[in-house]
Structure formats: C-alpha cells, structure tokens
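K.L.:
Turn this into a model:
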Amino acid sequence: MSFLLSFLAAIGRNTLAALAMLGRVSLFAARSFSHMARPPFYPREIAVALLQVGWLSLPVVGLTAVFTGGALALQIYSGGARFNAEAVVPQIVAIGMVRELGPVLVGLMIAARVTSSIAAEIATMKVTEQIDALVTLSTNPMKYLVVPRVLAALLTVPLLVGVGDIIGIAGGYTVATKSLGFNSATYLHNTINFLEARDIISSLVKGAVFGVIAALMGCYFGMHSGRGAQGVGRATKGSVQAAAILILAANFVLTGVFFSL
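P.N.:
Presented below is the predicted three-dimensional model:
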C-alpha cells in the first residue's frame, strides 16, 4: 500500500512540475510576443539572427531533405510493387514531403542546430554575467536577446520548410527517374496535379510554429539556466528535448486541424 501511495505521489509531483513549467513557458512566450510590437528594436541583432537561423541552416536542411526524398521514393516503390501500385510514387512522395516529412524534419534539424546554439549562447552569457551587464546598461534582455531570435525563426523557418519540400521532392524525382524508370514529364505532371493549396499552406504554417517553438525553447532554457558549466549543459540538453517533443506534439495538433475537417 505504501509503495502504491509513493508511486501515485511521484506521478502527482511530476505532473504538477510539468504543468508549472508549461505555465512558465507560456508566460515567457507571451512576454516575447508582447515585446515584438514595442520599441526599441535592434535591427543589427535581428539581421544576425536571420543569418544564423536561416541562411546557415540551409546546408543541413538541404542534405536532410534530398536524402529523405530519395529514400521515400525507394520505399514507396518497393512497397507499392507488392500491390502493383508503383505508379503512385510521385503522388506519395509529394504529399509525404509537403504535409509531414518536410516540416517535421526541418523543425527537428532546427531544434538540433539552432535551439541548442541559442540555449548554450544565452546560458553562457548568464553564467558570465553578461545578461546582468545588459540590465545595468538599461537594455532589456528580452528585447535584445529573445525577440530577435524568435522573430528570425518565425520568418525564416517557413522559408526553410518550403526549400526543404522542393529539395525533398527533387530527391524523389531524381531517384525515380534515374533508378526506377519513371518518365520525367509524367512524374512532374503527377506531382504538380496531386498537391493542393491546403497542403502547401499547412506546410508553411507548421514551419512558422515549429520555428517559434525552437527559438523559444532555446531562449527560455538559456535565460533560466543554472550557474556553471553544468548549468549550461543542462540548459542545452533540456532545450533540445523540449523543442523536439513540442514540435512533434504541435505537428499532431496542426495535422488534425488542417486535415481532419
């Protein structure tokens, strides 16, 4: 009986801790968005964040997308051959990349690359008391550190998702036409005709949401990190874990919103 009570108490404590953290993250996000609409603004910091989040993420996004699209074409062709349905490769590659794999993989790559970088950078600034120095200089850390990164992710990750979708479809096209014997014009025709505007819109909206989640988690864990090297390590690890889980959860919710109606 005591073991059962201890087990239930542990579940209760963890549940309350998770809800408390969710509340703190929600308040942090609300503060971040409220600061976006009020001056002062820091265009130089925004430009640097746009470069780091967007442009420098293109190589990893492109490589991830092209190999995923190629592997997806091979898998669909192999599975469709069991039912004499090899012709559906263009349609399934297109819808799979645009609706799901493109946004989710880009979001997870951004979580791995950008979220960890933001968390480590801000946590190190906190450990070395640079954030306290900003406050001393009458500079709001939320506006100087958080807002540029969240805004950059909001603007650039949908573009990265769009590029990833195109490159992923191109990877499937290359494999299908060079290795699987598909006609180039027919493949492109089937791809274009099968996609709908709703598929593309959902992909870009997911990209915006995933980008905001990735940046917010990096900023939140960095701003709330502990002292010392261990604090920086925990902040970096926790930010990536939280971003990945929230991105997958948000993907489930958004997929239900867009495609269950």
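
K.L.:
all contacts plus neighbour counts: C-alpha atoms, from now on.
P.N.:
OK.

K.L.:
name the helices or strands packed onto the biggest helix by length in the chain?
P.N.:
Taking DSSP state H as the criterion, the chain has its longest helix at helix 2-36. Contact analysis of helix 2-36 by 3 or more CA pairs under 8 Å, 6 or more residues apart in numbering; DSSP states H and E lists helix 147-178, helix 197-223 as its packing neighbours.

K.L.:
Looking at these, which is nearest to residue 26?
P.N.:
Comparing these against residue 26 with CA to CA, the closest turns out to be helix 197-223 (9.9 Å).

K.L.:
now the closest one and helix 147-178, what's the angle there?
P.N.:
Interaxial angle, helix 197-223 versus helix 147-178 (axes from the mean of the first three to the mean of the last three CA atoms, to 10 degrees): 140 degrees.

K.L.:
Mind listing what's buried along the next helix or strand after helix 197-223?
P.N.:
Counting by DSSP states H and E, the next helix or strand C-terminal to helix 197-223 is helix 228-259. When neighbours are counted by 16 or more other CA atoms under 10 Å, the buried residues of helix 228-259 are found to be 231-244, 246-247, 250-251, 254-255.

K.L.:
before we move on, what about stretch 194-210?
P.N.:
195, 199-210.

K.L.:
what do you get for stretch 27-39?
P.N.:
Buried, per 16+ other CA under 10 Å, within stretch 27-39: 28, 29, 32, 35, 36.

K.L.:
Tell me the one among these nearest to residue 97.
P.N.:
Proximity of the buried residues of stretch 27-39 to residue 97 was ranked by CA to CA; the top entry is residue 29 with 29.2 Å.

K.L.:
Excluding chain neighbours, what is closest to the closest one?
P.N.:
residue 216 (6.8 Å; CA to CA, 6 or more residues apart in numbering).

K.L.:
so the one you found touches residue 30, yeah?
P.N.:
No. Residue 216 lies out of contact with residue 30 (CA atoms under 8 Å); the separation is 10.5 Å.

K.L.:
the strands in the stretch 1-150 of the chain, which residues?
P.N.:
Assigned by DSSP state E, counting those that start in this stretch, the strands in the stretch 1-150 of the chain number zero.

K.L.:
for it, which spans come out with low pLDDT?
P.N.:
Applying pLDDT under 70 to the stretch 1-150 of the chain flags residues 1.

K.L.:
The same query, at a cut-off of 80, please.
P.N.:
1-9, 18, 80-86 (pLDDT under 80).

K.L.:
what ranges do the helices span in it?
P.N.:
Remark: helices assigned in the stretch 1-150 of the chain by DSSP state H, counting those that start in this stretch are 2-36, 43-53, 58-80, 89-95, 102-110, 116-127, 130-136, 141, 147-178.

K.L.:
will you turn these into CSV that also has distance to residue 188?
P.N.:
Output for the helices of the stretch 1-150 of the chain, formatted as CSV (distance: least, CA to CA, whole Å):
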stretch, distance to residue 188
helix 2-36, 41
helix 43-53, 31
helix 58-80, 14
helix 89-95, 8
helix 102-110, 18
helix 116-127, 38
helix 130-136, 52
helix 141, 49
helix 147-178, 8
